[in-house]
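**Q** sequence and predicted model, in that order:
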Amino acid sequence: MSRLVRRLLQAILFWAATSSLAVAAPDQPHLDDLRFAGRALEGNPLHDPVTRRLAVFVPAQYTNGIRLPVVYFLPGYGGSSEGFIRRPKPWLDLTRKIAEDVTPMLLVVPDCRTRWGGSQYLNSPAQGNYADYVCEDIVSLVQSRYSTATNGIRRIIAGHSSGGFGALRLGMAHHQLFDGVIALSPDSDFPVSHLPLVKLPGVTNATLAQVRLIEAEKVPAPGNGDLLYALGLSAAYAPLGPLHPGQFEWLYNAHGHLRPAVWRRWLDNDPLTIARRKPHAFAADQAVYLDGAAQDQFSANIGARKIYEAIRSRLRRCAFYEPPGRHGQHVPARLQRGLEWIFGRPVRDIKGLRPGG
């Protein structure tokens, strides 16, 4: 064997050895960054991407043949899997802690953004079928790619803020699919949580016509964040219908007065309204965990507590917790506490954590 060939082989062996060190250690979780096209999003009226990224946090204990429960975690308004992929460490740490303190499980985070920011995880002819995207496309992909639990607690739908709203609505609509629901500071009690945020005096039906023109010509959406938020909620809650794809009803008239018929459509989508109207909004054997931060600047704790009061007597397992902090603080720790409760483990009070901890 020539010296050149020998050195080449040595270099290859060295590269192989050092490359293996770059892979997550056997006792560490890892992130799978998946890209796939969701059939439910094909032909969506806002021309939003069909192919998106899916973040799957996999515990170190996972091996083929071991079936694990799955947590589908829905981010807040405008959030997506891409934020979790760019900043994975807190969620890898959470995956490890859950495996140690609760039980190993898969943590799946989707991208359900729209042109307006967020979809509220609902089907709507004004935006596309995002409930189907989560409950059919993503769940099917995860079940086909990973060994997932087939009995006991199989799937949990969880989320924060608008994602907490999505968790409640998808949990209500899919009793057989989700055994547990975790809603952290969920959008609910719309007169308290939504109405103060979407009161835009300068926005009229003429502005809305301009927005529709923007959508039709496929130019960038407006830069006003409050307007985008109101547009996204309108597309989710008040679509004009299948004959008018991409269009929705505006909440206010040209004089800035609330339109009662449109507001009723918003309220019909409020998880609190549904919980109060429908005795079987959740199945009796679903486990439902709600929380709301004590200093929540959007008053999401108020709606979460009211939902708990409305459903507590109908379910075998239901809980409400009011952690310290503001709306977006301590989210990973709050999710872990919800999972501890779902799986019947000792739950901790969340105290003394840094903001965002």
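**A** Structure's in. What do you need?
**Q** CA only for contacts and neighbour counts going forward, please
**A** Fine.
**Q** residue 341 and residue 172, how far apart?
**A** Look at residue 341 and residue 172: by Cα to Cα, to the nearest Å, they are 19 Å apart.
**Q** what does residue 328 give?
**A** From residue 328 across to residue 172, the span is 24 Å (Cα to Cα).
**Q** same thing with residue 340?
**A** For residue 340, the distance to residue 172 - Cα to Cα - is 21 Å.
**Q** before we move on, what about residue 58?
**A** Separation of residue 58 from residue 172 (Cα to Cα) stands at 27 Å.
**Q** same question for residue 257.
**A** Taken as Cα to Cα, the span from residue 257 to residue 172 is 32 Å.
**Q** more neighbours: which of the two?
**A** Neighbours of residue 257 and residue 172, each counted by other Cα atoms under 10 Å, are more numerous for residue 172; the result is 20 against 11.
**Q** hang on, that one packs against residue 281?
**A** Yes. If you go by Cα atoms under 8 Å, residue 172 and residue 281 touch, sitting 5.4 Å apart.
**Q** what about the nearest residue to residue 34 once chain neighbours are set aside, which helix or strand?
**A** Nearest non-adjacent residue to residue 34, counting by Cα to Cα, 6 or more residues apart in numbering: residue 54, 5.0 Å away. Secondary structure from DSSP states H and E places residue 54 in strand 51-58.
**Q** is the most centrally placed residue in the chain in a bridge, and if so with what?
**A** Central residue of the chain (Cα atoms, centre = their mean): residue 74, 1.0 Å from the mean position. For residue 74, the beta-bridge partners are residue 159 (DSSP bridges).
**Q** give me every residue that touches it.
**A** 80, 109, 110, 157, 158, 159, 160, 162, 163, 164, 166, 167 (Cα atoms under 8 Å, 6 or more residues apart in numbering).
**Q** 7 Å instead?
**A** 109, 110, 158, 159, 160, 163 (Cα atoms under 7 Å, 6 or more residues apart in numbering).
**Q** returning to that earlier point: which helices and strands sit right next to the strand holding residue 54?
**A** With contacts taken as 3 or more Cα pairs under 7 Å, 6 or more residues apart in numbering; DSSP states H and E, strand 51-58 sits against strand 30-37, helix 81-86, strand 106-109.
**Q** now do the buried residues in the one helix or strand residue 305 maps to.
**A** Element membership of residue 305 [criterion: DSSP H and E] is helix 300-311. The neighbour-count check on helix 300-311 (16 or more other Cα atoms under 10 Å) flags 300, 301, 302, 303, 304, 305, 306, 307, 308, 310, 311 as buried.
**Q** angle of whatever helix or strand comes next after it against helix 300-311?
**A** Going down the chain from helix 300-311, the next helix or strand is strand 317-321, by DSSP H and E. Angle of strand 317-321 versus helix 300-311, following axes from the mean of the first three to the mean of the last three Cα atoms, to 10 degrees, is 160 degrees.
**Q** what's the per-residue pLDDT of the residue nearest to residue 57 when sequence neighbours are not counted here?
**A** Leaving aside its sequence neighbours, residue 57 sits nearest to residue 31 (Cα to Cα, 6+ apart; 4.6 Å). Looking at residue 31, its pLDDT reads 98.
**Q** residue 156 too?
**A** At residue 156, pLDDT is 98.
**Q** check the gap between it and residue 238 for me.
**A** In terms of Cα to Cα, residue 156 sits 28 Å off from residue 238.
**Q** ok, residue 152 next?
**A** 37 Å.
**Q** neighbour count winner among these two?
**A** More crowded of residue 152 and residue 238, by other Cα under 10 Å: residue 238, with 24 against 9.
**Q** show me the contacts for residue 53.
**A** 33, 34, 35, 36, 81, 82, 111.
**Q** report the buried members of those residues.
**A** Buried, going by 16+ other Cα under 10 Å: 81, 82, 111, out of the contacts of residue 53.
**Q** ok, so of those, who is nearest residue 321?
**A** Checking the buried ones among the contacts of residue 53 against residue 321 with Cα to Cα, the nearest one is residue 81 at 26.2 Å.
**Q** tell me how far that closest one lies from residue 302.
**A** Separation of residue 81 from residue 302 (Cα to Cα) stands at 28 Å.
**Q** and residue 178, by the same measure?
**A** Using Cα to Cα, one obtains 25 Å as the distance from residue 178 to residue 302.
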